[in-house]
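1. coords below, sequence missing:
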């Protein structure tokens, strides 16, 4: 790996990557409580995905829909908050399931939350605040696809990136 890529990763990410997965039962209780806090904070229902096969995290997913005033289009996004079992970290992973806001020729996930309509960003920011208040730190979208030093994927043994190492190999 190039030293410049390694130096792009903050110490909290490097430290977390080196950690083993914690107690799965304790993690499941934590994620369930975070799901309740997120539902209360955002006023939407969340679906828990507790399958940790090839995933060092669990996730909480909601649908955000509305109308973008600038583009004059309706939107519907699946927003997944991954909660790592390696460290008190989370990531925001967004899908544009209806292809309404992204070009069909481009990948529709993960979308950087900064590209989403203002109303969707506001809801995601509320979710971020809820998770931060619970002591979790965000791993920003910009780090997702950088190499995770010394890590390989469980699925196929290939070099892992930050998203795969801390959150999910299969999305």
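-> Looks like it arrived, so ask away. All of these numbers come straight from a predicted model, not from anything done at the bench.
2. which parts of this structure are strands?
-> Secondary structure of the chain (DSSP state E): strands located at 47-49, 57-68, 73-84, 89-95, 137-138, 147-152, 159-161.
3. quick one: buried residues of the longest helix along the chain?
-> Secondary structure of the chain per DSSP state H: the longest helix is helix 24-42. Going by neighbour count (16 or more other C-beta atoms under 10 Å), the buried part of helix 24-42 is 27, 30, 31, 34, 35, 37, 38, 41, 42. C-betas here are computed from N, CA, C, even on glycine.
4. measure the residue nearest to residue 18 when sequence neighbours are not counted to residue 109 for me?
-> Nearest residue to residue 18, sequence neighbours excluded (C-beta to C-beta, 6 or more residues apart in numbering): residue 150, at 7.7 Å. Distance of residue 150 to residue 109, given as C-beta to C-beta, to the nearest Å: 27 Å.
5. and the most far-flung residue of the chain relative to its centre, how far is that from residue 39?
-> The outermost residue of the chain, judged against the average C-alpha position, is residue 72 (27.4 Å), by C-alpha atoms, centre = their mean. If you measure residue 72 against residue 39 using C-beta to C-beta, the figure is 30 Å.
6. where does the protein have low pLDDT?
-> Filtered on pLDDT under 70, the chain yields the residue ranges 1-7, 71, 98-108.
7. ok, 90 please
-> When residues are selected by pLDDT under 90, those of the chain lie in 1-8, 22-25, 51, 53, 65-77, 95-120, 154-155, 170-171.
8. span of stretch 159-167 from start to end?
-> Length of stretch 159-167, first residue to last, C-alpha to C-alpha, to the nearest Å: 15 Å.
9. how far out from the middle of the chain is that stretch?
-> 12 Å (C-alpha atoms, centre = their mean, to the nearest Å).
10. what does stretch 158-167 contact?
-> Contact partners of stretch 158-167, identified using C-beta atoms under 8 Å, 6 or more residues apart in numbering, comprise 9, 13, 16-17, 55-57, 59, 82, 84, 86-87, 89, 91, 93, 139, 143-148, 151-153, 169.
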